[in-house]
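[1] just need the structure, nothing else, for what follows:
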Amino acid sequence: MKKETEPKRRDDTETVFIPKESKHDDALYIAVNGRRMLVKKGEPVALPKAFAAVVQASFDAKRTAEKYIDAVCAEG
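    The predicted structure is shown next:
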């Protein structure tokens, strides 16, 4: 597997924080258009913007799902 190289310029990155969900939850595997990274959880990490966008989309989807589940459970 080819290692992801560092972005050429600092403005090509965004810093993200991916929280750990359990004691042994140390890393998150992310793939974008055939490029892949293993990202450390529990500390701020600078990622290329495309990878940061995937992480943000994941957070947004999880938040939307939790709101839906709460709404459905409140009805029942």
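
[2] in contact with the most centrally placed residue in the chain, which residues?
    The chain has residue 55 as the residue nearest its centroid, 2.6 Å off, counting by Cα atoms, centre = their mean. Residue 55 makes contacts with 16, 18, 28, 30, 39, 47, as judged by Cβ atoms under 8 Å, 6 or more residues apart in numbering. Quick note: C-beta positions are derived from backbone N, CA and C, even for glycine.

[3] does residue 14 touch residue 49 like I think?
    Yes: the pair residue 14 and residue 49 passes the contact test of Cβ atoms under 8 Å, sitting 5.5 Å apart.

[4] give me the more crowded residue out of the two.
    A count of neighbours by other Cβ atoms under 10 Å puts residue 14 above the other of residue 14 and residue 49, at 16 against 13.

[5] you'd agree residue 29 is in a strand?
    Yes: assigned with DSSP: H, G, I helix; E, B strand; the rest coil, residue 29 falls within a strand.

[6] hang on, it packs against residue 35?
    No: using Cβ under 8 Å, residue 29 is not in contact with residue 35; the gap is 11.8 Å.

[7] for these two, indicate the residue with more neighbours.
    Between residue 29 and residue 35, residue 35 has the larger neighbour count (other Cβ under 10 Å), namely 13 against 8.
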